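After the sequence you'll find the predicted model.
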Amino acid sequence: MPTYEYECACGNTFERILPAREYKAEQWCHCGLQGRKIISRPMLVSVKQDVCYDSPIDGRPITSWAQRREDLARNGCQEYDPMMRQDYDRRLKREDAELDSKIEATVEEEIQKMPSRKKELLAQAIDSGASPTPERSTAALSTVTRIEQ
């Protein structure tokens, strides 16, 4: 329900919490005089969400915003900002481009080191339709056992 503020001719101000349907109803001061509705600044209300979790770093219980700030500072962390994800994605894209550039340079360098016969065979393979495309992959993390005969 909204809160309405009134002013009396005797100088008193008072508030009434009224249903919206009683907006125009007359209100009386405790001195017996009728109050005049005044326009005042609305009350600002902000409700912060509760904090209750265990720190993922050291397992300490976090039950207040102050403890949360202390936990972040103690562990060298910072508040998450949605722009951080965009910065991260841009950094990955830049690092991938740098890696691709290094791969290209290494391939060119290795081709220059090849004996001329090997270069001719490579050129023939490319002319006959082969498309040598460097492929980036990560080796599987498995144990290889060699059996020699």
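Looks like it arrived, so ask away. Residues are numbered from 1 along each chain as shown.

average pLDDT for the helix or strand containing residue 91?
Residue 91 is part of helix 83-113 when elements are defined by DSSP states H and E. Taken as a whole, helix 83-113 carries a mean pLDDT of 91.

After it, which helix or strand is next?
Helix 83-113 is succeeded, C-terminally, by helix 116-127 (DSSP H and E).

what angle sits between that next one and helix 83-113?
120 degrees (axes from the mean of the first three to the mean of the last three C-alpha atoms, to 10 degrees).

For helix 116-127, C-alpha coordinates in PDB please.
Output in PDB follows, covering the C-alpha atoms of helix 116-127 (Å, rounded to 0.1, in the frame of the first residue of the first chain):
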ATOM      1  CA  SER A 116      65.200 -29.600 -53.500                       C
ATOM      2  CA  ARG A 117      64.000 -33.100 -54.500                       C
ATOM      3  CA  LYS A 118      61.500 -33.100 -51.600                       C
ATOM      4  CA  LYS A 119      60.300 -29.600 -52.600                       C
ATOM      5  CA  GLU A 120      59.700 -30.900 -56.100                       C
ATOM      6  CA  LEU A 121      57.700 -33.900 -54.800                       C
ATOM      7  CA  LEU A 122      55.600 -31.600 -52.600                       C
ATOM      8  CA  ALA A 123      54.900 -29.200 -55.600                       C
ATOM      9  CA  GLN A 124      53.900 -32.200 -57.700                       C
ATOM     10  CA  ALA A 125      51.500 -33.400 -55.000                       C
ATOM     11  CA  ILE A 126      50.000 -30.000 -54.700                       C
ATOM     12  CA  ASP A 127      49.700 -29.700 -58.600                       C
END
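
Does that helix pack against any helices or strands, and if so which?
Applying 3 or more C-beta pairs under 8 Å, 6 or more residues apart in numbering; DSSP states H and E, we find helix 116-127 packed against no helix or strand. For every residue, glycine as well, the C-beta is placed using N, CA and C.

number of nearby residues for residue 115?
Residue crowding around residue 115 was assessed by other C-beta atoms under 10 Å; the count is 8.
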